[in-house]
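[1] Sequence plus the predicted model coming up.
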Amino acid sequence: MRLEIGPVGGPYVSLGNFSAGTSQWNLNSVAYTFPNNSITNYAIRFNAVSTAGGPSVGNFIDDVSMCVVDGSAPSQGISAPIFADNCDNELNVDSTFNSETDGCTTIETYTWTATDHCGNSTTATTVVTIVDTTNPYFTSLPENVTVNCDETIPGFGEYAAADNCDSEVVIAVEESRIDGDCPQTYTMERTYRATDNCGNQAVETRYVYVIDQTAPSFDEQGNTFTYECGAEIAVVEPIAYDNCGSVFFELC
């Protein structure tokens with residue numbers, strides 16, 4: 001018995017001839033890949049191919065079951081070629097698929113072979129080269145922040161990145177200091193660099209602004225002094241403090 005499939009009304013392709021070779025039942029299975037994005041109604045038909053005769057010879061079907069596997073079609077939406085023959089409108093079409101990955105390049109090869117009933121065959125091949133040229137993207141980054149010079153500078157914060165092909169994106173953080181107008185004011189520049197396994201990168205920069213807006217303060221001390229006439233007058237140097245650095249005095 002020959003199992004055939006195709007659009008309703010044809011043309012049909014053969015999925016193979018099946019026979020138990022004995023009077024016992026035999027279980028057979030076969031796979032078929034429907035053309036990509038096909039909206040045509042398909043039919044399955046069973047054709048008797050035995051030339052033997054007699055009351056004990058025949059083709060019997062006990063049960064038919066079908067299973068549709070999502071994703072069995074070509075992953076890149078490759079449409080199967082359409083074959084035609086000058087004499088045979090029921091060609092047997094076999095297909096193979098091969099995928100090879102080398103680094104960041106994947107080569108998919110789709111091959112179809114059509115054979116007529118006389119054994120003549122022809123082959124069509126489609127080669128798809130898949131490369132990754134898409135940069136990863138950050139899914140989480142800290143905000144810019146401003147702190148006073150006597151406050152603790154925050155850490156690098158929470159950061160994460162994702163990629164369309166790589167599930168393990170590597171993130172590196174580089175930090176550099178940009179000096180300001182005085183030693184207590186400066187900017188910490190932090191560069192977050194996300195890299196996928198193909199070398200594609202995403203780069204974002206965040207800043208920590210360190211400022212000094214607090215004036216120094218004098219220590220409590222007397223501001224009235226009494227001296228005897230003719231006594232040497234000592235210079236009284238005030239005491240002052242600053243929250244971030246040293247204090248310099250200037251006489252006015």
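    Structure's in. What do you need?
[2] What distance separates the opening and closing residues of stretch 208-227?
    53 Å (Cα to Cα, to the nearest Å).
[3] what comes up buried for it?
    208, 210, 211, 212 (16 or more other Cβ atoms under 10 Å). For the C-beta atoms, the positions are set from N, CA and C on the backbone; glycine is no exception.
[4] Mind putting these into TSV with secondary structure and pLDDT?
    Putting the buried residues of stretch 208-227 into TSV (DSSP: H, G, I helix; E, B strand; the rest coil; pLDDT from 0 to 100) gives the following:
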residue	secondary structure	pLDDT
208	strand	96
210	strand	93
211	strand	87
212	coil	83
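[5] which residues touch the residue nearest the centre of the chain?
    Nearest to the mean C-alpha position of the chain, counting by Cα atoms, centre = their mean, stands residue 164 at 1.9 Å. When contacts are counted by Cβ atoms under 8 Å, 6 or more residues apart in numbering, residue 164 touches 132, 134.
[6] Swap in 7 Å and give it another go.
    By Cβ atoms under 7 Å, 6 or more residues apart in numbering, the contact list for residue 164 reads residue 134.
[7] mind checking pLDDT for it?
    Per-residue pLDDT puts residue 164 at 86.
[8] if I look at it, how far off is residue 204?
    Per Cβ to Cβ, to the nearest Å, residue 164 is found 18 Å from residue 204.
[9] and what of residue 85?
    60 Å.
[10] What number of residues are in the vicinity of residue 116?
    17 (other Cβ atoms under 10 Å).
[11] Not counting sequence-adjacent ones, nearest residue to it?
    residue 88 (3.9 Å; Cβ to Cβ, 6 or more residues apart in numbering).
[12] The one you found contacts residue 115, correct?
    No. If you go by Cβ atoms under 7 Å, residue 88 and residue 115 don't touch, sitting 9.1 Å apart.
[13] Where does pLDDT dip in the stretch 51-200 of the chain?
    51-77 (pLDDT under 70).
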